[in-house]
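# make a model of this:
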Amino acid sequence: MKEQEQNQDPIQSILAEIRQLPLQDQARLKDELYASNETSVDLDAVLTSTKFSQGRRCPHCGGDHVHKNGHRKDGSQKYRCVKCGKNFMITTNTIFQGTRKSLSTWNKYLNCMEAAKSLKETEQECDISHGTAFTWRHKLLDAMRKSGDDIKLVGIVEADEKYMPISYKGNARHFQENNDRRPRKRGSEAVKQGLSNDLVCVPCAVDNAGHCSAQIAKTGKCSSKAISKAFEGKIVPQAVLCSDGDKSYKSFAKVNDNILVQIKAGKKSIKGYNIQRVNNYHSQLETFMRRFNGVSSKYLNNYLIWHNAIKYCKKYAQNRIKLMLDTASSAQMKVCASTLSKRAEIPILA
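Sure thing, here's the model as predicted:
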């Protein structure tokens, strides 16, 4: 008996004791562990190495005759271009430009994003306003989505559609002016039964390396055109494409030169191929989205890329924060809070 106790995995013993704790204490323990393992990243050094990897260049004119030009009050280095005479900083033309917060605050914010914390938790942790927490979230996710456009799915690729109710969360005026259907409780099922236009179709694909792609394609039932627009340029030719029996995949596989394997209803696999991986992706996505109590369709694509980065791509599990930072710093874009509310209510693929 003593030998069995000695041979027992200490981690499993600890986990067994944790499961006996009340849920409130388990949540407190989780927060304490997260706080003790918060990752610290030198954002200034990462930005410098990314933007000046091929030497100092002016983001305004591209000139390479650049010299240092003092510091801001917060200690940030300023630069001046001799060619055009303009001043700039390492954050110019990045999502960090104009945020008026130190990079150390951004470091805390990245840790909150990695932990998928709510806006309320994030604003308390980083000492920022609710509006700032929301805007920063979509600044970062916009940059990540732009980088995600280059993803390639290879080998064995499993694909299936996920249907989600259209949500006008935060857009009540637009809903009242443009819809005849009755309102529904946030996070609840669609009002109409079946695959109606009250749902958005999100084609999802996952390869055997863990790379994944998901974005809104259209409203209502999936179509061959929607599949083509969603996966064109993402699933490489000659890849094995596994799907359910939906006919929408046939034309895409033919044009894209993929080997199509369709698992029809009632069967779990065919010749060793299945769609369990993409079904697992759907399950994890549902769990991830549940914590936000409904997400506006306007921002759904951003939440999909967020889920892909921190919940499904286990390849980057040990370095998610650096992955997010590298993506954000390399994206040459500027996102303003005033433009977020002006986005299309349902961003379907053109």
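
# would you confirm that L141 contacts H307?
No: using Cβ atoms under 8 Å, L141 is not in contact with H307, being 10.4 Å away. To be clear about C-beta, it is placed using only N, CA and C from the backbone, and glycine gets the same treatment.

# in terms of neighbours, single out the busier of those two.
Counted by other Cβ atoms under 10 Å, L141 and H307 do not tie: L141 has more neighbours, with 25 against 21.

# helix, strand or coil: sort out the closest residue to that one other than its chain neighbours for me.
Spatial nearest neighbour of L141, chain neighbours left out: N302 (3.7 Å); criterion: Cβ to Cβ, 6 or more residues apart in numbering. Following DSSP: H, G, I helix; E, B strand; the rest coil, N302 is assigned to helix.

# I'd like the numbering to begin with 354 instead of 1 from here.
Noted, 354 is the first residue going forward, which turns the last one into N655.

# N655 and M497: what is the separation?
8 Å (Cβ to Cβ, to the nearest Å).

# just the strands in this protein please.
Counting by DSSP state E, the chain has strands at residues 419-424, 430-434, 440-442, 509-518, 552-560, 565-567, 571-572, 593-596, 612-615.

# mean neighbour count and distance to T692 added to these, as TSV?
Formatted as TSV, the strands of the chain follow (neighbours: other Cβ atoms under 10 Å; distance: least, Cβ to Cβ, whole Å):
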stretch	mean neighbour count	distance to T692
strand 419-424	12	30
strand 430-434	17	27
strand 440-442	17	22
strand 509-518	22	24
strand 552-560	24	22
strand 565-567	25	23
strand 571-572	20	23
strand 593-596	23	36
strand 612-615	17	40
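
# low-confidence stretches in this protein?
354-361, 380-381, 383-397, 399, 525-546, 665-671, 684-685, 703 (pLDDT under 70).

# what's the longest helix in it?
For the chain, the longest helix by residue count, based on DSSP state H, is helix 483-501.

# so how far is that one from its chain's centroid?
With Cα atoms, centre = their mean, to the nearest Å as the basis, helix 483-501 stands 9 Å off its chain's centre.

# same thing with stretch 406-416?
Per Cα atoms, centre = their mean, the centroid offset for stretch 406-416 relative to its chain is 29 Å.

# what sits up against it?
Contacts to stretch 406-416, defined as Cβ atoms under 8 Å, 6 or more residues apart in numbering, come from residues 404, 417, 419, 432, 434-437, 439, 441, 445-446, 685.

# identify the farthest-apart pair in these.
Greatest spacing in the contacts of stretch 406-416, by Cβ to Cβ: V435 and Q685 (21.9 Å).

# what residues sit buried inside the longest helix of the chain?
For helix 483-501, the neighbour count (16 or more other Cβ atoms under 10 Å) marks 485-501 as buried.

# what's the answer for stretch 593-609, then?
V593, L594, C595, S596, D597, D599, S601, Y602, F605, A606, N609.

# would you check how far apart the residue nearest the centre of the chain and S682 are?
Central residue of the chain (Cα atoms, centre = their mean): W659, 1.7 Å from the mean position. Shown here: W659 relative to S682, a distance of 17 Å by Cβ to Cβ.

# returning to what we had before: thought the residue nearest to the centre of the chain was touching M497?
Yes: using Cβ under 8 Å, W659 makes contact with M497 at a distance of 7.2 Å.

# now do the same contact list for L548.
L548 sits next to Y516, C554, G573, K574 when contact means Cβ under 8 Å, 6+ apart.
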